[in-house]
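**Q** For reference, the sequence and a predicted model appear below.
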Amino acid sequence: MQVFTDSSPAGSQGSRAPAGDPPADRLLAVAAGREVAAEVHDRVLAETPVLEIDRFNLWYGGKQALHAITMPVPHNKVTALVGPSGCGKSTLLRSVNRLNDLVQNVRITGDMRLSGDSIYDPRMDVIELRKRMGMVFQKPNPFPMSIYENVVYALRIDGENSRAVLDEVCELSLRGAALWDEVKDRLHDSALGLSGGQQQRLCIARAIAAEPEVLLLDEPCSALDPIATGKVEDLIQELRGRYSVLIVTHNMQQASRTSDYTAFMYLGRLIEYGPTTEIFTKPILRETEAYVTGRFG
Amino acid sequence: MNSEQGRPPRRLRSAHSSLAAHGEPLVWLTGGALALAIAMISGLLAFIAVRGAATFWPVPLVELELADGRRVLGEVTGRERVAAVDGREAFGRTLLKTATFEVTGNHYEWFDDPGVARIVQPEWATAVERLEGGRFHGLPLRLVHGDKTVAEGAELAWREFERIQPAVRRRVREALRIDRHDRGVLQRQLRAARLGVVQADLRSGRDSVAYEAAVREEQAVTARVHERSALLDAETAQLREENAGWGFEFEAAGGEKRVLPLEQIVRAWQPNRLSTMGKLGVYLGRWWEFLTDDPREANSAGGVFPAIWGTVAMTLIMALLVAPFGMLAALYLREYASRGPVTTAVRIAINNLAGVPSIVYGAFGLGFFCYVFGAGIDEVFFRSALVADNQPTFGTGGLLWASLTLALLTLPVVIVATEEALSAVPNSMREGSYACGAGKWQTIRRIVLPRALPGIMTGLILAMARGAGEVAPLMLVGVKKLALDLPIDGTFPFVHPEREFMHLAYLIYDVGFQSPNSQAAQPMVFTITFLLVAIIALLNVAAIWLRSRLKRRYVMQQF
Ligand SMILES: Nc1ncnc2c1ncn2[C@@H]1O[C@H](COP(=O)(O)OP(=O)(O)OP(=O)(O)O)[C@@H](O)[C@H]1O
Ligand SMILES: [Mg+2]
């Protein structure tokens, strides 16, 4: 077990923690800007990683949003990222497929490796890199085209034009996203006519169409009603074991239901990272426990 | 709500206390501004529509018998009151379109009410529209052919006239068509052959094989043209022969008798006898002529077909030129250029371009497109025309240069609108596309452009409306008072973008302000304006329809 604790005592009482609770020392230390190393459980380290995040720092202009994140993402497992709003979960996810390149004034140090290939290597072709990943955003963002074209978009831009291949991928992906039965009769209608929940599942179908090595889900259920959320969660269950999934969520039940591993972030730092069952039942740090049980954050 | 001790609970003020909070004054202000704008615009449009549409409606012909015994026949076109002046009482007066210039010496005349003894509407009063000399008003007497009287008396003569006239008119038109178009084609063939000789001379010298061939070709063409020309002569002579001799004798209001050659009569009607359906027939017939015929009598009569053609062609070519150009420029500005002071400066410059007076664009178009670009083209491809008859081909105003000039003029509108539309495309769509592994251009082409298309169309609609109504720059770069050869016709190479053309907006200026007989041309001005507005509206409706279809496809939102 790697434990690098910051020994300097922080304030005596976490002001937001209810009385009688242990003080969230570490979080206060983080808030005070001190270096705090992450608690990473051994079982995470024992997994084969598909994605290795290696001392990754990111600045938006002068403001540092990620601090020395070191975190392996296991192969064919679902990994959940949790943490209070603004702690950098989306930033981390968008760094994985280098979407942050599009934002002005972003500066990074450190690296990430996808199946051993350095993501931030200057020689890395960003377009090829993104083709190896799929991403689903917080708000459904179907493209202004038919359902069919939405699903096969990644293949189309890759130059695939064979009708048979596209048809097959379309059906497989839509089935995979549990949307096939609802839209099979109107594949060539505009995707913008779908309901919000259907749109989100369409975006998932689009993300898995090209069989990505990693699937990045940024709060995929935040815009959905409970039934659609349930469907998406079922879907994640199905993807488990076949895809490596990195999912951001604010919903602790969702994290505990769907993920194999959970990482807790706070103010741009990784605090604790381990198997979901352990994080939710007997985390190493009291701070983590306070957060996942809803007593903090 | 609880309150602290000693302090009364805070109460909301009465709803009526704050007018500003409810925004009532603002509703009235904004509503009023809109109402005023609508009233002004629709007032102007209604004025144009009513005046423009009424021009061709047959108005009754009235005969005034004046106190001094004079009689005049005409259409009432205006009334006004003359105020009382030192001792004289106020009185009304009537403006009469007397026409019949050769008898009355006037086209329009005012008649004071006190001087009018009697007003009647003669049943058989006839308005005759002629090829030359303007309208004639009179009573039909008899139809003649040579020395022979064919039909005597108003009723018989009129019936006979209605029977014969269509054939006469057809022959006149046929002869006119031959003179104007067929002979023009021959002229052009002759010129092309002559230029071929000059070309061969320039290229390979006088004692070359090519030169000999060209000379032989010219001789052959000349022979052929003469032959064909003789045929046409015979044909027109035949047509004129058949029409010659036919005449319609009228008695003008003063009692003077005139024989009008039938071939000179475009149309005649008797408004006082016509039923509503009959009037409608005359009305539609005159509209038809207006829309499909060439102009005559210095554009103040006849049709405006070449101008309609020129307006539509120029507007469409302009749209075709400005759309891709503006879109590419805006794409670069919005999607590729890095944000910085330079981009901002360029953007401001583009916005300022929209405020440059249009005549400046005209001058630029003339100086650059015609004199530099066009002259260059002439040097390279049409040298023979320059050498042989010192005549520029592309080096002078023409449809292409006019369209280009207007494209330049409307470019800022399109760029600004396209930029706006591009920035309205949600970033999440772009990111979704990038996340799928799409490149920048793929994202733009497949996601951004389709989504922005309706907004771009809006810009194009504005640009078209602005371009179609522009006059000043066109006067410099190719619009002419009269240009009957359309830029597309049967002579090789069929499309002639270098030709000068007519334009409705210029026609308004020309007919309204350059016409020797402005009073007679005035109704025509309204009709042309009406037509121009209608054409722009039609183009806009088409574009808006297209836009709403695109919108349904690309911008539908889920709630
Ligand atoms: N484009 C940007 N420019 C500047 N700062 C940014 C930008 N995007 C995010 N940030 C900042 O980076 C920090 C992390 O943001 P991020 O969106 O990653 O948080 P998050 O954990 O996803 O929050 P949430 O749970 O609310 O989505 C925040 O403080 C945010 O203000
Ligand atoms: Mg987020």
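**A** Now that the structure is in, tell me what you want to look at. Ligands and ions are numbered 1, 2, ... in the order given.
**Q** can you map out the strands along chain B?
**A** Secondary structure of chain B, counting by DSSP state E: strands at B:61-66, B:71-82, B:91-97, B:108-112, B:116-120, B:126-130, B:136-145, B:148-152, B:246-251, B:257-261, B:265-269, B:295-296, B:301-302.
**Q** okay if I get those as CSV plus distance to chain A?
**A** Just so you know, the C-beta spots here come from the backbone N, C-alpha and C atoms, and that holds for glycine as well. Putting those into CSV (distance: least, C-beta to the nearest C-beta, whole Å) gives the following:
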stretch, distance to chain A
strand B:61-66, 62
strand B:71-82, 57
strand B:91-97, 59
strand B:108-112, 61
strand B:116-120, 69
strand B:126-130, 56
strand B:136-145, 64
strand B:148-152, 71
strand B:246-251, 67
strand B:257-261, 66
strand B:265-269, 55
strand B:295-296, 48
strand B:301-302, 50
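**Q** measure B:V172 to B:R118 for me?
**A** The span separating B:V172 from B:R118 equals 38 Å under the rule C-beta to C-beta, to the nearest Å.
**Q** actually B:G52, not the one I typed
**A** Taking C-beta to C-beta as the measure, B:G52 and B:R118 are separated by 34 Å.
**Q** between the two, who's got more neighbours?
**A** When B:G52 and B:R118 are compared on other C-beta atoms under 10 Å in any protein chain shown, the one with more neighbours turns out to be B:G52, at 21 against 10.
**Q** show me the contacts for the residue nearest to that one when sequence neighbours are not counted.
**A** In space, not counting the residues next to it along the chain, B:G52 is nearest to B:F530; the distance is 2.6 Å by C-beta to C-beta, 6 or more residues apart in numbering or on different chains. If you count contacts by C-beta atoms under 8 Å, 6 or more residues apart in numbering or on different chains, B:F530 has them with B:48-49, B:51-53.
**Q** Counting neighbours, which of the residues you listed comes out on top?
**A** Counting neighbours by other C-beta under 10 Å, B:G52 leads these with 21 neighbours.
**Q** how near is that residue to B:G467?
**A** When C-beta to C-beta is the yardstick, B:G52 and B:G467 sit 21 Å from each other.
**Q** Likewise for B:D68?
**A** Computed with C-beta to C-beta, the distance linking B:D68 and B:G467 is 55 Å.
**Q** got it, and B:L408?
**A** Per C-beta to C-beta, B:L408 is found 10 Å from B:G467.
**Q** Looking from chain B, tell me which residue of the stretch 51-200 of chain A is nearest.
**A** Ranked by C-beta to the nearest C-beta, the top residue of the stretch 51-200 of chain A for proximity to chain B is A:K131, at 3.4 Å.
**Q** if we can go back for a sec, taking the contacts of B:F530 one by one, which sit in helices?
**A** Where those overlap with helices, as defined by DSSP state H, the overlap consists of B:48-49, B:51-53.
**Q** now these as a markdown table including distance to A:S162 and pLDDT?
**A** Formatted as a markdown table, the entries for the ones in helices among the contacts of B:F530 read as follows, by distance: C-beta to C-beta, whole Å; pLDDT from 0 to 100:
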| residue | distance to A:S162 | pLDDT |
| --- | --- | --- |
| B:I48 | 59 | 90 |
| B:A49 | 58 | 89 |
| B:R51 | 64 | 88 |
| B:G52 | 59 | 87 |
| B:A53 | 59 | 87 |
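**Q** Of those, which ones also sit close to ligand 1?
**A** Within the set of the ones in helices among the contacts of B:F530, contact with ligand 1 (C-beta under 6 Å from any ligand atom) is found for no member.
**Q** which one of the residues you listed is nearest ligand 1?
**A** Ligand 1 lies nearest to B:I48 out of the ones in helices among the contacts of B:F530, by C-beta to the nearest ligand atom, at 53.4 Å.
**Q** contacting residues for that closest one?
**A** Per C-beta under 8 Å, 6+ apart, neighbours of B:I48: B:526, B:529-530, B:533.
**Q** picking that back up, hang on, the residue of the stretch 51-200 of chain A closest to chain B packs against B:A438?
**A** No. Using C-beta atoms under 8 Å, A:K131 is not in contact with B:A438, being 9.1 Å away.
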